[in-house]
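Enquirer: I'll drop the sequence and a predicted model, then ask my questions.
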Amino acid sequence: MTSSPSSSSSSSSSSDAAPALDTARTRLWDAVSVGDEHAAVRAAHAAVDDGLTVETVLLDAVTHVQRRVGTEWAANRITVAQEHAATAVNDRVVAALALRVADRPDRAPRNGRSTDRRLTIACVAGEWHALPARLLAEVLTLRGWQVDFLGAHVPTPHLIAHLHHTGAAAVALSASLADRLPTVHTTLNACRSAGVPVLAGGAALGRDGRYARLLGAAWAGDARGAADRLEEGLVRPDPTAVRQPVDDLAHLDDQEYTLLTRSTVQLVQHTLAALEDHVPAMKTYTERQRQYTAEDVAHIVNFLATALYVDDDALFGDFIRWTADILAARDVPPDCLFPALNLIGGQVKDFPRATGVLHRAHEALAAHIDSMPPPDPERPG
Amino acid sequence: METFKGAAADHHGVGLGTARGAAPYPVLVADTSGAVREVNRAALLLFPRAVDGAWLQDVAPAWLADAHRYLTDLVLSGGQEALLSPGHESMRPMYGDAGGRAFEAYPTVGEEGEVAWWLIDITDRRLAETALRTERQRALLLSEVSNALLACMNVERCTTVTAQLAARHLADAAVVIPSTTNHRLSVISSSATGGVVRRTVDADPGHVPGLSEALQGLPPVSGRWIDPGALPDWLVPGALAGSVGSVVVTPLPGHGVPTGALVLLRGRENAGFSESEEAFARLFAARAGAAWSVVRLYAEQASITATLMRELLPPTLRQVHGVQFAGGYRPSGHGTRVGGDFYDVHPGSDCGQETFVVLGDVCGKGLDAAVLTGKIRNTLQALLPMADDHHRVLSLLNGALVASQHARFATLVLASALRLPDRVRLRLTCAGHPAPMIVRTDGTVEEADTRGTLVGVLSEIEAQTVEVELAPGETCLMYTDGITEAKGGPLGGAMFGERRLRNALAECLGMPAEAVVERIQMLATQWIGQGRHDDMAVVAITAPRTAHTAASEHPPGRCTT
């Protein structure tokens, strides 16, 4: 493929193929949601036989179904196991489509061994959602790139060694959870020090890519945009111009992020101990419930630290609202977050930025809970 | 300044006797009409025609005459006060050349508006400043070269960056030719705009004066001896075709071995290379060559390591003969890829034969442990024909390990899996290893009832094999103690432990094998957080939920039950 299809042509082709796409989405969801790998693979092949391009099936059907898997989990309509099983099935679908293309004689030729069209795609360390990155890898392969897909949770030293080895023209880095942002920043700087430009993508970078801009990476909102952006070519960074994190983020100078991160475990311990006094119900918790609570508190502290890292209240506020929704969907009253926020606040009162972030999250949570529909009395549990 | 005041009174005549006249610097006074009124000895030497009454513009360089006119116009229109306003530019020194030397000229204005120009010879300072600037730029460039080249530990990138930097800073175009042992030359050329073209040519470097020598690391040939017209086409980048004016060929000296040659080209309209520029090109080449050597060494080492590691890395698992297998491995330490944990799956020769699976843990970590895992894996491969008797396999392995010089031991779990029409039959044997866990259709998790002694210590071993069956959707998980002994958790310092592993596995009912492995790995890794951990390995054996067909096996299996 010499030129990438423009977004306008691909959207028009998908609107022509709208009924076929709807059918594909429905069939795929039906198969994926029950973990039926074979039916899912059949549905994907059928969609291509119906005239959809492989790229359309990957980006408009598989992505759509995967997004639905996420919302179904958030709404507590499927279990963690079903979510994982569905994702695994989607992964098989991607593999089957990739194989179908690889077998085709007219597939895009690779331009020799030139490193100009060789890319690396990886999820940052701690990121386990590999499917979005995998989809991008397949789309870029379709468009004639030589792609090294390193998968989920790639330790930065492995990524850098790989870049040195292959001399890749660019790296696409994926991160979906916002608390990966400090790691994204470290990884970005490491890639730039190796003279390789980075395109960052995934929900962690913000809906509008604001955190990618903040950390100095190119950004794309979806796989199609990422493929187009990479096709345009990224400018190789000057490896000698790479700086320390605090040079990019002057607010880190107040050390709040560093101190908070260093004392995360103590913060969680104290918060949990104090929660037992404040929330009588916790006395009757099973050990497993206690562990979930500890993990939730640890998440809150991690996201608080991340909000301090990028100096953005909204990041923490969004996380708290999202957590409230997740809890409400599992019949846990979301106002149990208030004592947690207060107790953490009591321990970081010497940190003005952290105190401000917690204060505004408190307000945001109150407003959010007010706007929630009342619990359905008909619903059991 | 006292002497100046004394002299200011006598503002006519040559003034040889005044302090101004005796000043060691040229002093020249001209009135508001632009006529020379006073010249001292030093000024006369510089401007021999500057006699009293001559027009300044006729006897002095234009830059001085213009500055004089500008200043006197200002005085005539605005009076002396015009010059006194703070920070007025007109009283700043002027710079220009006269008599082949560089001067700094300071004006002072007399009572009638006449201006005395005090000239200071700054030729040597200028030269020193220029030399300093050049040296600074060059030092900066050299450090940039080292930084840029060492940042990309990739041979191909390194040649590209060298060509780009050389073209940008040293010439109109630069060509880099790495030394090779074969007859084909790689030619990487860059123009000053940074565009790079890589080509491979079948050419004799002997046709370019100095190139063969440079590729062998012999001293460079001066550009003055190379006829640019005689250069072969493959050496000249398109933009310079037919218009090369000067050439320099310099070797890129490596650490004891020649690494390649750098060819610098300039067009006809530009000057040739000065001796200083040629010397600097050699300096540049020395830095680049040193960086190349490091990068090549790194690439060689990395490639050797990769070759040696290939056998030690865990294999990629897949569905075999109707049974799903998946494995995940995370060695301790950031930089390493191998360690003391290992697993292997040896498919049965057909779907009626058992597939043999092993997961093990050699005491110790890192490369030393990994080397022993390689030996154990090879030994087990050789013992495959006896795989129907786990005890015998373990005994023979034990014998081999006890006899070897290794002071290390290993724990293992062996599994033989066979797909039956509606279930998967497993034979499991532990040798000093945590027993595999099995998640059942009702969501309970049970431990396989097998135990045995570790291998490599005692002359005889004991091991009991157990047979279990997996219904569709059930998974048997083999793991190393790196998982259960992972320390961390939200409260810090707690072990992940068997109970958490059981709870995690209970949630994995019905998942495909790779999803089980990924979930267990994810939970253990998240439990550890930023902390240190031991090697961790897991293998999941899963009975597929849906009827097994060839479609999901790559390459397709021969049987479809």
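Expert: Here it is on my side, so go on.

Enquirer: any idea how the chain splits into domains?
Expert: The chain I'm using is chain A. Following the assignment in automatic domain parsing, chain A carries domains at A:1-107, A:111-248, A:254-371.

Enquirer: you looked at the wrong chain, it should be chain B
Expert: According to automatic domain parsing, chain B is divided into the following domains: B:2-121, B:127-307, B:324-552.

Enquirer: what about the second one, how long is it end to end?
Expert: Put plainly, it is domain B:127-307. Taking Cα to Cα, to the nearest Å, domain B:127-307 runs 57 Å from one end to the other.

Enquirer: tell me the average confidence for that domain?
Expert: Taken as a whole, domain B:127-307 has a mean pLDDT of 86.

Enquirer: what does the stretch 151-300 of chain B put close to chain A?
Expert: Contact residues, the stretch 151-300 of chain B versus chain A (Cβ under 8 Å from any Cβ of the partner chain): B:151-154, B:156-157, B:161, B:198, B:298-299. Every C-beta, even on glycine, is put in place using the N, C-alpha and C of the backbone.

Enquirer: rerun that using 6 Å as the cut-off
Expert: Contact residues, the stretch 151-300 of chain B versus chain A (Cβ under 6 Å from any Cβ of the partner chain): B:151-154, B:156-157.

Enquirer: can you put those residues in CSV and add neighbour count and distance to B:H207?
Expert: Shown next, in CSV, are those (neighbours: other Cβ atoms under 10 Å in any protein chain shown; distance: Cβ to Cβ, whole Å):
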residue, neighbour count, distance to B:H207
B:A151, 24, 35
B:C152, 23, 31
B:M153, 24, 33
B:N154, 24, 30
B:E156, 19, 25
B:R157, 25, 29
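
Enquirer: which of the residues you listed sit farthest apart?
Expert: Across those, the longest distance by Cβ to Cβ is 14.0 Å; it joins B:A151 and B:E156.

Enquirer: using CSV, list the CA coordinates for the helix or strand hosting B:A105.
Expert: Using DSSP states H and E, B:A105 sits within strand B:101-109. This file holds the C-alpha atoms of strand B:101-109, laid out as CSV (Å, rounded to 0.1, in the frame of the first residue of the first chain):
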residue,chain,number,x,y,z
ARG,B,101,43.7,45.6,9.9
ALA,B,102,40.6,45.8,12.1
PHE,B,103,39.9,48.8,14.2
GLU,B,104,37.6,49.9,16.9
ALA,B,105,36.9,53.7,16.7
TYR,B,106,35.7,55.8,19.7
PRO,B,107,34.4,59.3,19.0
THR,B,108,34.7,62.3,21.3
VAL,B,109,33.0,65.5,20.4
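
Enquirer: so which bits of that strand are buried?
Expert: For strand B:101-109, the neighbour count (16 or more other Cβ atoms under 10 Å in any protein chain shown) marks B:102-105, B:107, B:109 as buried.

Enquirer: how far off centre is it?
Expert: 51 Å (Cα atoms, centre = their mean, to the nearest Å).

Enquirer: helix or strand right after it?
Expert: Downstream of strand B:101-109, the first helix or strand assigned by DSSP H and E is strand B:115-121.

Enquirer: just to revisit the earlier point, the strand holding B:A105 packs against which elements?
Expert: Contact analysis of strand B:101-109 by 3 or more Cβ pairs under 6 Å, 6 or more residues apart in numbering or on different chains; DSSP states H and E lists strand B:115-121, helix B:123-151 as its packing neighbours.

Enquirer: what lies in contact with that strand?
Expert: Residues from elsewhere that reach strand B:101-109 (Cβ atoms under 6 Å, 6 or more residues apart in numbering or on different chains): B:71, B:93-95, B:115-123, B:126.

Enquirer: what pairs with that strand, parallel or antiparallel?
Expert: Paired with strand B:101-109 in the same sheet, following DSSP bridges, are strand B:94-98 (antiparallel), strand B:115-121 (antiparallel).

Enquirer: which one of those strands is the most hemmed in?
Expert: Burial of the strands paired with strand B:101-109 is given as mean neighbour count (mean count of other Cβ atoms under 10 Å in any protein chain shown); strand B:115-121 ranks first at a mean of 21.

Enquirer: now do that strand: everything it contacts.
Expert: Strand B:115-121 is contacted from outside by B:25-29, B:68, B:71, B:101, B:103-109, using Cβ under 6 Å, 6+ apart.

Enquirer: closest to chain A among the residues you listed?
Expert: Looking at these and their distance to chain A, the nearest is B:E104, at 36.7 Å (Cβ to the nearest Cβ).

Enquirer: for B:G21, see how far away the closest one is.
Expert: Distance, B:E104 to B:G21, using Cβ to Cβ, to the nearest Å: 20 Å.
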